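In: fold the following for me, if possible:
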Amino acid sequence: MNNRCLPKGLPFNSKNARKIIIIGAGAVGSRVAYMLAGMGVTGITVYDGDIVEKHDVCTNTYQSNDVGKLKTEALEVRILNDLKIKIQIVSEYFSGQVFSEAAMVIACVDTMSARQRIWNSVNVKTVLHSLYVDVRSSGNKAEVYTMMPCIESRYASSLPNAENASLSLCESSGDEFASGLAATFVSSVVLTFWQIGRVPYYKTDFVVTPAQVHACDCENRQVSKV
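Out: Next up, the predicted model:
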């Protein structure tokens, strides 16, 4: 097992791993997939119908020779070559279908309409998904929502009438660090859930400045350096 991508201080037993669905293979989604695969997680499925563009090379895990390829296929090859882990890919945009089996679902998309479709799919009683994580990234900022969808109702209020989140085109030096920090946090949330079996509903903000990185707990308005 390869633990080189493991967030510091979080021991991992691959026997605790469960199926993970990552929707979106952009700046955050590609990093989350790479980090989890680096921990030895094998049950990863990634959805995305987009292709790698030049600006993706500086904010994602992709390389210059990936430009023009489907993000899912480029990510699959990168993870297999680097980490010897085979992930499953769906090279199309998520259309809102209900998943046939329970999984951890991580949303790394860039529009509220896409988030609404994903939430409608996971917030069902027929398939009890264990964990839902929504990552919203724009410029030097990122928001991460974590919850157990089968018992959570507050998240839905964050979707209507909200502005679309979007990734800038590498115009800010903070983009790469904000998405990387968010991805590391998401990986830590997944490991914590596997260890203790639950997570509270939580919204965490990350802001990258030229001099330092801050993690802001928006529920309590407390800011700490990381």
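
In: and H55, that's in a helix?
Out: Yes - applying DSSP: H, G, I helix; E, B strand; the rest coil, one finds H55 inside a helix.

In: distance of it from K69?
Out: If you measure H55 against K69 using C-beta to C-beta, to the nearest Å, the figure is 15 Å. Where C-beta positions appear, they are placed from N, C-alpha and C, glycine not excepted.

In: what's the burial count for the spatially closest residue to R78 that is not a sequence neighbour?
Out: Of all residues not flanking R78 in the chain, T61 sits nearest, at 6.3 Å (C-beta to C-beta, 6 or more residues apart in numbering). By other C-beta atoms under 10 Å, 25 other residues sit near T61.

In: where does the most centrally placed residue in the chain land on pLDDT?
Out: Computing the C-alpha centroid of the chain and ranking residues by C-alpha atoms, centre = their mean puts G29 first, at 4.4 Å. Here the pLDDT value assigned to G29 is 94.

In: could you check how far the nearest residue to it once chain neighbours are set aside is from Y201?
Out: Once flanking residues are discounted, G29 sits nearest to C108: 3.3 Å by C-beta to C-beta, 6+ apart. Distance of C108 to Y201, given as C-beta to C-beta: 19 Å.

In: repeat for L83
Out: 32 Å.

In: run through the neighbouring helices and strands of whichever helix in the chain runs longest.
Out: Scanning the chain for the longest helix, with DSSP state H as the assignment, gives helix 174-196. If contacts are counted by 3 or more C-beta pairs under 8 Å, 6 or more residues apart in numbering; DSSP states H and E, helix 174-196 sits against helix 29-38, strand 104-107, strand 131-138, strand 141-147, strand 202-208, strand 213-217.

In: the shortest one pairs with which strands?
Out: When sheet partners are counted by DSSP bridges, strand 104-107 sits next to strand 20-23 (parallel), strand 131-138 (parallel).

In: run the chain-centre distance for the last one.
Out: How far strand 131-138 lies from its chain's middle: 6 Å, per C-alpha atoms, centre = their mean, to the nearest Å.

In: what's the angle between that strand and strand 202-208?
Out: 30 degrees (axes from the mean of the first three to the mean of the last three C-alpha atoms, to 10 degrees).

In: quick one, strand 131-138 and helix 29-38 angle?
Out: Going by the same axes, to 10 degrees, strand 131-138 makes 140 degrees with helix 29-38.

In: identify the residues contacting strand 131-138?
Out: 27-29, 32, 104-108, 110, 115, 118-119, 122, 142-149, 152, 155, 165-168, 178-179, 182-183, 186, 189-190, 193, 199 (C-beta atoms under 8 Å, 6 or more residues apart in numbering).

In: residue ranges with poor pLDDT in the protein?
Out: The model of the chain has pLDDT under 70 over residues 1-16, 125-126, 160-175, 209-226.

In: ok, now with 50
Out: Across the chain, the ranges flagged by pLDDT under 50 are 1-9, 162-174, 212-226.
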